[in-house]
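> Okay, predicted coordinates and the sequence, questions at the end:
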Amino acid sequence: MKKLVLCLFFLSHSVHAEIEVYQFKTPDLELRYQTLTEELRCLVCQNQNIADSHAELAQDLRRKVYEKLNSGESNDQIIDYMTERYGDFVLYRPPFNAKTLILWLTPALTILLGGVGFWSLLKRRETNSDEQLSASEREKLDTLLHTKTSNKK
Amino acid sequence: MKLRFLLPFGAFLIMVIFLGIGLKLDPHEVPSPLIDKPAPAFTLAQLHEPQKTFSPADMKGKVWLLNVWASWCASCRQEHVFFTEFARANPTVNLIGLNYKDEREAGMNWLAKLGNPYLVSVSDTEGSAGLDWGVYGVPETFVIDKKGMVRHKQTGPVDLTILQTVIMPLIEKLNAEAQ
């Protein structure tokens, strides 16, 4: 067992390649590089952005972002380049359009529906508390209470 | 009173249905934005004769398949059997191979060993054409019509069922279309 763990330890080290480091002409470019790579999804390991992913595709996309930034392209141009090839799925923040309508509106709708439900519940409780006992009900309650206390004695 | 119990149960049922559908979806199948768009252009050296080039424009007027493969890709080996059989049974189908991020020698050895179903294969050593075609998981197969439009993308290995029920009917349909 120990041997196996040791073996896995060394294996994991050799498999994990370091994420390459790019040199930028200005700090502004570097900042934009960071924002862009954090907002682009790696399509191989889909729950990672390309900034964090070790996948080869992420590496290629990072290089592409770097090259495009250096050649003076705007963030929008780079995002467009990516979505033209990989679709909206490549974006961690999907755009608001007909296809993503449900995605964007569900949270608001859920809160709205929940709010309406809660409000009507409160409303119902309020009216319930106002209800008065009828004369016969009060009589019944009195006898019940009375018998209970007399039983204890 | 009845509604009070039915409402949460109904909501639960709807959730179950949605989750059930979700279970059946393959998150790795990302819809390609290339569908019904012109096939991205490239000019790359042919694998076997690197002095010659190939570009999608060469196929104008023909229905063709672009299969992205690599010798390092395990599931390519799995689908290769079906493609060689498919190419033998349908010699009129234009199957082009894109040897993605591979070494030329390795690619040629792979074809020599396993058979070569491709009309021609091109070397995309840098993966630049692959990037333009939105390749993210080899193998991938594209169907391109006579006008040079991408009409279908198959992500992951094809098998006999996909070839018979999806690819071949589509090729026949596209062949019948006017140029």
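Thanks, I have it. Numbering: from 1, shown residues only, chains lettered A, B, ... in the order given.

> In contact with A:Val90: list those residues for me.
A:40-41, A:43, A:82-83 (C-beta atoms under 8 Å, 6 or more residues apart in numbering or on different chains). (Glycine included, C-beta is placed from N, CA and C.)

> How about A:Tyr33: what's its closest non-neighbour residue?
Excluding its sequence neighbours, the residue lying closest to A:Tyr33 (C-beta to C-beta, 6 or more residues apart in numbering or on different chains) is A:Leu69, at 5.7 Å.

> quick revisit: identify the farthest-apart pair in the contacts of A:Val90.
A:Leu43 and A:Thr83 (12.1 Å; C-beta to C-beta).

> okay, those two: which has more neighbours?
A:Leu43 (24 against 18; other C-beta atoms under 10 Å in any protein chain shown).

> any idea how far the spatially closest residue to that one that is not a sequence neighbour is from B:Thr155?
Take A:Leu43 and drop its neighbours on the chain: the residue closest to it by C-beta to C-beta, 6+ apart is B:Tyr136, 3.7 Å away. In this view, B:Tyr136 and B:Thr155 are 8 Å apart by C-beta to C-beta, to the nearest Å.

> Enumerate every residue touching the closest residue to A:Phe89 other than its chain neighbours.
Setting aside the residues directly before and after it, A:Phe89 is nearest to B:Val30 in space (C-beta to C-beta, 6+ apart), at 4.7 Å. Contacts for B:Val30 (C-beta under 8 Å, 6+ apart) come out as A:43, A:86-87, A:89, B:136, B:155.

> From the residues you listed, which land in helices?
A:Tyr86 (DSSP state H).

> Just the buried ones out of the contacts of B:Val30, please.
The neighbour count (16 or more other C-beta atoms under 10 Å in any protein chain shown) marks A:43, A:86-87, A:89, B:136, B:155 as buried among the contacts of B:Val30.

> so how far is chain A from B:Val158?
19 Å (C-beta to the nearest C-beta, to the nearest Å).

> Name the helix or strand for the residue lying closest to that residue once chain neighbours are set aside, please.
Excluding its sequence neighbours, the residue lying closest to B:Val158 (C-beta to C-beta, 6+ apart) is B:Glu79, at 5.1 Å. Per DSSP states H and E: B:Glu79 is located in helix B:74-89.

> packing partners for that helix?
Packing partners of helix B:74-89 (3 or more C-beta pairs under 8 Å, 6 or more residues apart in numbering or on different chains; DSSP states H and E): strand B:64-69, strand B:94-100, helix B:104-114.

> So which residues on chain A come close to chain B?
A:43-44, A:46, A:56-57, A:60-61, A:64, A:83-89 (C-beta under 8 Å from any C-beta of the partner chain).

> where's the dip in pLDDT among those?
Among these, A:Gln46 carries the weakest pLDDT, at 81.

> before we move on, the earlier item: between the buried ones among the contacts of B:Val30, which is closest to B:Lys147?
A:Gly87 (21.8 Å).

> In this structure the closest one contacts B:Gly134, no?
Yes - counting by C-beta atoms under 8 Å, A:Gly87 touches B:Gly134, with 7.5 Å between them.

> Report the set of residues contacting both of these two.
B:32-33.

> I'd guessed B:Met149 sits against B:Pro40; true?
No - the criterion here is C-beta under 8 Å, and B:Met149 misses it with B:Pro40 at 11.4 Å.

> Report the contact partners of A:Leu61.
Contacts of A:Leu61 (C-beta under 8 Å, 6+ apart): A:37, A:40, A:42, A:50, A:82, B:131.

> ok, now with 6 Å
When contacts are counted by C-beta atoms under 6 Å, 6 or more residues apart in numbering or on different chains, A:Leu61 touches A:Ile50.

> For B:Arg151, see how far away it is.
Per C-beta to C-beta, A:Leu61 is found 26 Å from B:Arg151.

> Now do the SS call for the closest residue to A:Glu73 other than its chain neighbours.
Nearest non-adjacent residue to A:Glu73, counting by C-beta to C-beta, 6+ apart: A:Tyr81, 7.8 Å away. Per DSSP: H, G, I helix; E, B strand; the rest coil, the secondary structure class of A:Tyr81 is helix.

> Repeat that for B:Phe5.
Counting by three-state DSSP, the backbone at B:Phe5 sits in helix.

> quick one: pLDDT of it?
Value for B:Phe5, per-residue pLDDT: 84.
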